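> Fold the following, please.
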Amino acid sequence: MAAETEPDNETERLRKQRRDALVARLPARLADWVRWLLAAERRTLRMFAGFLFLLGGFLSFLPLLGIWMLPLGVVLLAEDIPLFRGLSVRLFAWMARRRPDLFAEQKESGR
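Take a look at the predicted model:
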């Protein structure tokens, strides 16, 4: 049962590759902030921010908050929590089917 919930090395490599491709598409200052937050030693801060983004996504009816916060929270929490890792794999796969240019352009341009 545990083998089903834990992704294999290729799935994890693809998840990180897609995550990094999306981070590279962000504006420079925001990309630097996300890379800083993804560092291994910032686990507690990353989890706190991820849960706040999830909460903000659920409260999207309020001003300044929105549905866009849900996937960001999932991606941040996926670094530390296996349940969210599986969700992020499915989220990235859905994005790759809907918008293959999000990941293809990154490989070609080498940003």
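> Please count neighbours and contacts with C-alpha atoms only from this point.
Will do.
> quick one, helices of the protein?
2-5, 9-24, 28-38, 43-58, 69-78, 82-98, 101-109 (DSSP state H).
> Output these in CSV, with mean neighbour count and mean pLDDT appended to each entry.
Converted to CSV, the helices of the chain look like this (neighbours: other CA atoms under 10 Å; pLDDT from 0 to 100):
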stretch, mean neighbour count, mean pLDDT
helix 2-5, 8, 46
helix 9-24, 16, 89
helix 28-38, 14, 89
helix 43-58, 18, 91
helix 69-78, 22, 88
helix 82-98, 16, 91
helix 101-109, 13, 61
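> Show me the residue at the heart of the chain, geometrically.
Residue closest to the average C-alpha location in the chain (CA atoms, centre = their mean): Val75, at 2.5 Å.
> That one and Leu62: what is the separation?
As judged by CA to CA, to the nearest Å, Val75 and Leu62 stand 22 Å apart.
> so the residue nearest to the centre of the chain makes contact with Phe84?
Yes. Here Val75 reaches Phe84: they are 7.4 Å apart, a contact under CA atoms under 8 Å.
> returning to what we had before: just give the closest residue to the residue nearest to the centre of the chain, not the sequence neighbours.
In space, and not counting its chain neighbours, Val75 is closest to Ser88: 5.8 Å by CA to CA, 6 or more residues apart in numbering.
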